[in-house]
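# Task: produce atomic coordinates for the following.
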Amino acid sequence: MAITPVLSIAISGLKANATKTAVVAANVVNLNTRDYQSVQIRTTSLRTGPSPAGGAGVQAQVIAGNTPNTGLEFARLIEAENAYRANAAVLRRANSLSYSLLSLKA
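Numbers count the residues shown, from 1 in each chain. As a prediction, the model looks like this:
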């Protein structure tokens, strides 16, 4: 398995969760805005290539929400933080593996 598709998946996950964090921030800022309807992010897995890792990733879709709820928004923020950390850990591990491979070849 090549490392490039793994990196692509992790980066798409980071981008999707950064988008989710921005949406949560907008919902919290507009919590007391009259007639404001919150927005949510739905993340879905992508697989566009024929192989399991080829063309895979995470896609963020903006969907309509309802009246903002502080507790729900902070739960979404914690969820996005944990997913972001997991994707960052994949990138760190890939970096470590690449370094180890280069050390073996040298």
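# Tell me, please, where in this protein the pLDDT is lower than the cut-off.
Within the chain, the stretches with pLDDT under 70 are 1, 48-55, 106.
# Which stretches in it count as helices?
3-29, 70-105 (DSSP state H).
# Between those, which one is closest to residue 64.
Closest to residue 64 of the helices of the chain, according to CB to CB: helix 3-29, at 11.6 Å. Heads up, the C-betas are built off the backbone N, CA and C, glycines and all.
# Can you give the distance from the closest one to the centre of its chain?
Averaged C-alpha coordinates place helix 3-29 at 3 Å from its chain's average position (CA atoms, centre = their mean, to the nearest Å).
# Could you name the helices and strands sitting against it?
Secondary-structure packing of helix 3-29 (3 or more CB pairs under 8 Å, 6 or more residues apart in numbering; DSSP states H and E): strand 39-47, strand 56-64, helix 70-105.
# just to revisit the earlier point, highest average neighbour count across the helices of the chain?
Compared across the helices of the chain, helix 3-29 shows the largest average neighbour count, a mean of 17 (mean count of other CB atoms under 10 Å).
# what's the nearest residue to residue 6 if we skip its chain neighbours?
residue 94 (6.0 Å; CB to CB, 6 or more residues apart in numbering).
# quick one: contacts for the one you found?
Going by CB atoms under 8 Å, 6 or more residues apart in numbering, residue 94 touches 3, 6, 7, 10.
# Export those as CSV, with columns for distance to residue 56.
As requested, the contacts of residue 94 are arranged in CSV below (distance: CB to CB, whole Å):
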residue, distance to residue 56
3, 13
6, 9
7, 11
10, 11
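# Among those, find me the one that's closest to residue 18.
Using CB to CB, the contacts of residue 94 come closest to residue 18 at residue 10, 12.7 Å.
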